[in-house]
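K.L.:
here are the coordinates; sequence isn't available:
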């Protein structure tokens, strides 16, 4: 569902910072949290540390953002058509998958994953004109503000509108 990757990553960040956030991929929150403007507003909250990278190639944007990832820290990473939590380990950069029924958890963030999971492109065009796009990296530890907590309140999908799947796995 469009936007659920972003809302799930933000839910994870909130829960990691001691908030009680549940995203069941229902209601209008998914479309709201899929918007670049919403992510920019979150990234620009007082105290939040974020980096934006603008360019024509998602791969170049990803490379420039991911080289800023510090070991032992987690980040909200938005690039291409996807958003996820990323971290740096001794094995390299990993992203957190939260949307499958059987492969949730951290996985290596490879060029293959950038292309196939994140939908990264070498160039973006519209009617033959090349376009700039923007990626973002937000330090999860800095998402501990009361403003962020208030924003995350919109993720708590009403019980009647929660989309959990038959066995409750789609959270």
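P.N.:
Done, it's in. Quick caveat: nothing in here was measured; it's all calculated off a predicted structure.
K.L.:
For the protein, name the helix or strand with the lowest mean pLDDT.
P.N.:
The weakest-scoring helix or strand in the chain, judged by mean pLDDT, DSSP states H and E, is helix 29-32 (a mean of 71).
K.L.:
Tell me which helix or strand comes right after it.
P.N.:
Per DSSP states H and E, the first helix or strand lying C-terminal to helix 29-32 is helix 36-43.
K.L.:
what about residue 6, neighbour count?
P.N.:
25 (other Cβ atoms under 10 Å). For the C-beta atoms, the positions are set from N, CA and C on the backbone; glycine is no exception.
K.L.:
I'd guessed it sits against residue 33; true?
P.N.:
Yes. Using Cβ atoms under 8 Å, residue 6 is in contact with residue 33, at 4.5 Å.
K.L.:
who touches both of these two?
P.N.:
residue 39 (Cβ atoms under 8 Å, 6 or more residues apart in numbering).
K.L.:
who touches residue 44 in this structure?
P.N.:
The contact partners of residue 44, by Cβ under 8 Å, 6+ apart, come to residue 50.
K.L.:
Distance from the helix with the most length in the chain to the middle of the chain?
P.N.:
Longest helix of the chain, by residue count under DSSP state H: helix 4-16. When distances are taken as Cα atoms, centre = their mean, to the nearest Å, helix 4-16 is centred 7 Å away from the chain's centroid.
K.L.:
which other helices and strands contact it?
P.N.:
Applying 3 or more Cβ pairs under 8 Å, 6 or more residues apart in numbering; DSSP states H and E, we find helix 4-16 packed against helix 29-32, strand 74-79, strand 82-89, helix 146-152.
K.L.:
which residues sit against that helix?
P.N.:
Contacts for helix 4-16 (Cβ under 8 Å, 6+ apart): 21-23, 25, 29-30, 33-34, 39, 42, 74, 76, 78, 82-85, 96, 98-99, 138, 140, 143, 148-149, 152, 155.
K.L.:
In that helix, which residues are buried?
P.N.:
Buried residues in helix 4-16, counted by 16 or more other Cβ atoms under 10 Å: 4, 5, 6, 7, 8, 9, 10, 11, 12, 13, 14.
K.L.:
Next, the distance between the ends of stretch 40-57.
P.N.:
Counting by Cα to Cα, to the nearest Å, you get 20 Å between the two ends of stretch 40-57.
K.L.:
Now do the contacts for residue 52.
P.N.:
Each residue near residue 52 by Cβ under 8 Å, 6+ apart is listed here: 40, 43, 134, 135, 136.
K.L.:
Just want the angle from the helix or strand hosting it to strand 74-79.
P.N.:
Counting by DSSP H and E, the element that carries residue 52 is strand 50-55. Angle of strand 50-55 versus strand 74-79, following axes from the mean of the first three to the mean of the last three Cα atoms, to 10 degrees, is 20 degrees.
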